[in-house]
Structure formats: C-alpha cells, structure tokens
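K.L.:
Could you work out the structure for the sequence below:
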Amino acid sequence: MKKRIFLFLLPLFFSCSDDDFSNNRDNKDNVISIYVVKEGQIENFQTDVDLESLELEETPWLQSSEIELYDWSSHIFYLNTGKERSKYEGRHFVIKSGDTPVALGLFFSSVWSYMPTFPSILAHDHLFYPEDVIGLAGYGFTSEANSHEEIQRLREALENSGILHEGLDVKMIQLGRKNSTTLTYTIQLTNNDSEDIYVLDPDKMGTGRFHYYTNGVSLRKDNDSYSSFSEKVASSEIRSSWYYKLEPKKSITRIITLDGFSELPSGEVHFYFSFPGANNIDEGEWEKPGGRIWMGSKFIEGEINLN
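P.N.:
Predicted structure coming up:
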C-alpha cells in the first residue's frame with residue numbers, strides 16, 4: 001500500500017508523558033532509525049512514493065542507539081554523537097520504526113531556491129545546528145488538510161520508541177498598541193516535558209537581541225500586512241546568562257515591546273510569531289544539568305484583538 005509523503009507543523013494535542021514508553025527503547029520492533037535511499041528511484045520533490053518498494057542502504061545513517069530524544073515541539077532529534085550530512089545533499093531518506101517505513105524525507109541544500117514541503121534535513125554541517133542535533137524540518141513545516149493520519153503515524157512510532165518529548169508550548173496572550181508604530185505582545189512559555197528546558201529569555205537578553213533571533217510579531221488585517229523594521233542588536237554568541245531554566249510543567253509570561261512599524265491596525269488581526277531557540281551552539285552544548293537547551297523554533301499564528 002502506498003504511503004504519502006506528509007507535511008506537519010500545526011500543533012497536535014495529545015496527552016502522553018515522556019516516560020510512558022521509556023521501556024520500549026530496547027524493543028527492536030519499535031526502534032527509530034533513518035536509512036538513506038539508494039539513488040535513481042525518486043525525483044527530488046516527488047510526493048507519492050511506495051515506501052515498501054524502495055531500496056535502502058544496508059546500514060542505517062542514524063541508528064536508534066545514537067538518538068537521545070525527539071522534541072515534538074520543534075521536530076528535532078538530539079543525539080549522543082555527531083552525524084555528517086553534507087555528503088548526502090539531494091539524497092532521500094526513510095524513517096523506520098523497526099522494519100516498518102514510516103516517512104520519506106530529503107537532504108536539502110540551503111542554496112536551493114525551493115524549500116521542500118515534506119520532512120527534510122539540511123545537508124550542511126554546522127550551518128544552523130551542531131552535528132549532534134538534527135532538525136527534521138529545516139525552517140519549519142506547513143500543514144495539509146489530509147495530513148493528520150500521517151502525522152499520527154509518525155507520532156505513534158516516536159512514542160512507541162520511547163524517544164518522544166513534548167518540548168515547549170508557546171501562546172500569544174495579548175497584543176497591545178503602545179503608539180501608532182509600536183506594539184507590546186505577551187507570550188506564555190510552558191514546559192510540557194518531564195525535564196528542565198533552557199529557553200532564551202527576552203528579559204535577560206534585551207529586546208534588541210531577542211529580535212535579532214526572531215522578527216517578532218507580524219500582522220495581517222484584510223489584505224494588508226504589517227511587519228516591524230526595528231533595529232536589531234547582532235550577536236554571534238549566546239551567553240549562558242540569557243537562558244531561563246523552565247522546570248517541567250511550569251510556565252512563564254513575558255511582555256515584549258516591538259517598534260519599527262510604519263503604522264499599526266486596530267481591532268481583530270491575524271498574527272504570526274516564531275519563538276526562537278538557541279541554534280548556534282557547539283556540539284554537546286545542548287546538554288544541561290537536569291535537561292537540555294531548547295533548540296529550533298516554534299511557529300504560532302491566530303486571531304487576536306489588537307487594543
């Protein structure tokens with residue numbers, strides 16, 4: 001039976017503890033691995049493939065024993081070893097649960113003019129992530145109306161393998177107009193994991209540095225778009241003092257000011273926001289006492305009143 005290559009980003013609401021499937025890590029029927037597909041079988045952006053019929057390399061590119069966890073909120077593998085990926089540019093891979101293929105993806109290049117809209121790994125070492133961190137989505141996933149079944153299948157495979165971690169939840173609580181060109185936005189960060197997560201803290205960094213790692217909030221009302229052109233404070237390194245240690249099941253709220261709009265609408269608006277993780281760190285640095293640095297990004301959007 002054919003399995004469609006799938007897309008995923010929008011939040012799914014499942015209630016499963018990180019520890020519920022920890023006993024399954026040694027079950028060979030459930031382990032997660034990634035195999036490189038032998039060349040000449042698939043076009044780069046082909047979207048309908050019989051995964052069962054694909055010929056794969058004999059040895060997995062990523063073995064279960066090399067995976068520490070998978071963060072569902074940012075779709076990132078955290079590893080206990082570095083993995084070279086640049087030599088696989090343009091090649092496809094298959095994620096397997098035991099011997100069962102679950103998903104097809106692509107090692108893509110940052111210089112391509114087209115971003116793959118299915119699971120993908122950036123084929124450049126050290127560009128955004130250290131070698132022991134693998135983002136399964138590049139800059140993020142988009143959603144598809146018929147993708148729920150495929151998303152559920154991947155999630156169940158990760159759950160059964162014992163490596164699934166829920167990660168970080170981000171909510172937009174409020175938008176406010178400070179003046180015609182400046183807004184304030186209130187976000188809530190919640191640790192849905194069973195271990196500590198270290199997140200970038202806008203209060204500790206300062207808004208100029210925080211908005212160097214994210215563009216802040218963008219808005220749309222009717223057919224008009226509104227974006228900030230505020231001055232950023234560049235930083236090539238992330239200081240340890242900029243992290244907030246967010247304990248399991250705890251939340252924090254931050255009120256952030258963003259200027260640089262040519263004008264701001266009022267009333268009901270559609271907002272877009274991406275909370276940034278710490279991506280430019282060294283191999284092994286993501287590990288912290290009792291937890292990890294949260295990496296990647298968390299994109300949210302929705303309707304809210306700008307008062």
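
K.L.:
Centroid-nearest residue for the chain?
P.N.:
For the chain, residue 74 is the residue whose C-alpha lies nearest the centre (C-alpha atoms, centre = their mean; 2.3 Å).

K.L.:
Touching, it and residue 293? I think so.
P.N.:
No: the pair residue 74 and residue 293 does not pass the contact test of C-beta atoms under 8 Å, sitting 11.2 Å apart. All C-beta atoms are positioned from the backbone trio N, CA, C, and that covers glycine.

K.L.:
what touches both of the two?
P.N.:
residue 277 (C-beta atoms under 8 Å, 6 or more residues apart in numbering).

K.L.:
where does residue 255 fall, helix, sheet strand or coil?
P.N.:
strand (DSSP: H, G, I helix; E, B strand; the rest coil).

K.L.:
what sits against it?
P.N.:
Contacts of residue 255 by C-beta under 8 Å, 6+ apart are 184-186.

K.L.:
how close does it get to residue 175?
P.N.:
For residue 255, the distance to residue 175 equals 11 Å [C-beta to C-beta, to the nearest Å].

K.L.:
so what's in contact with these two at the same time?
P.N.:
Counting by C-beta under 8 Å, 6+ apart, the residues touching both residue 255 and residue 175 are 184-186.

K.L.:
top of those residues by neighbour count?
P.N.:
residue 185 (20 neighbours; other C-beta atoms under 10 Å).

K.L.:
Show me what counts as buried in whichever strand or helix holds it.
P.N.:
Using DSSP states H and E, residue 185 falls within strand 182-191. Buried residues in strand 182-191, counted by 16 or more other C-beta atoms under 10 Å: 182-183, 185, 187, 189-191.

K.L.:
same thing with stretch 233-251?
P.N.:
235, 238, 242-243, 246.

K.L.:
And for stretch 259-272?
P.N.:
Result for stretch 259-272 [16+ other C-beta under 10 Å]: buried residues 259, 261, 264, 269, 271-272.

K.L.:
now do the same end-to-end measure for it.
P.N.:
16 Å (C-alpha to C-alpha, to the nearest Å).

K.L.:
for the chain, what's the longest helix?
P.N.:
For the chain, the longest helix by residue count, based on DSSP state H, is helix 148-161.

K.L.:
neighbours around the residue nearest to residue 81 when sequence neighbours are not counted, how many?
P.N.:
Excluding the flanking residues, the one nearest residue 81 by C-beta to C-beta, 6 or more residues apart in numbering is residue 66, at 5.2 Å. Number of residues near residue 66 (other C-beta under 10 Å) recorded here: 18.

K.L.:
one step back: ok, so of the shared contacts of residue 255 and residue 175, who is nearest residue 103?
P.N.:
Within those, proximity to residue 103 (C-beta to C-beta) peaks at residue 185, which comes in at 34.4 Å.

K.L.:
Sketch out the low-pLDDT regions of the stretch 51-200 of the chain for me.
P.N.:
Residue ranges of the stretch 51-200 of the chain with pLDDT under 70: 115, 117, 138-150.

K.L.:
which residues of it fall in strands?
P.N.:
Under the criterion DSSP state E, counting those that start in this stretch, strands of the stretch 51-200 of the chain are mapped to 67-71, 76-79, 92-97, 100-108, 120-122, 133-135, 164-165, 168-179, 182-191, 196-200.

K.L.:
Now tabulate those in a markdown table and tack on distance to residue 221.
P.N.:
Listed next are the strands of the stretch 51-200 of the chain as a markdown table, based on distance: least, C-beta to C-beta, whole Å:
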| stretch | distance to residue 221 |
| --- | --- |
| strand 67-71 | 33 |
| strand 76-79 | 33 |
| strand 92-97 | 40 |
| strand 100-108 | 34 |
| strand 120-122 | 32 |
| strand 133-135 | 32 |
| strand 164-165 | 37 |
| strand 168-179 | 12 |
| strand 182-191 | 13 |
| strand 196-200 | 29 |
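
K.L.:
follow-up on the earlier one: which members of the buried residues of stretch 233-251 are positioned in helices?
P.N.:
Per DSSP H, these never map to helices.

K.L.:
now, which of these lie within strands?
P.N.:
Under the assignment DSSP state E, these contribute 243, 246 to strands.

K.L.:
ok, so of the buried residues of stretch 233-251, who is nearest residue 42?
P.N.:
residue 238 (37.8 Å).

K.L.:
Enumerate every residue touching that closest one.
P.N.:
Shown in contact with residue 238 (C-beta under 8 Å, 6+ apart): 200, 278, 280-281.

K.L.:
so which one among these has the lowest pLDDT?
P.N.:
Taking pLDDT as the measure, these have their low point at residue 280 (81).
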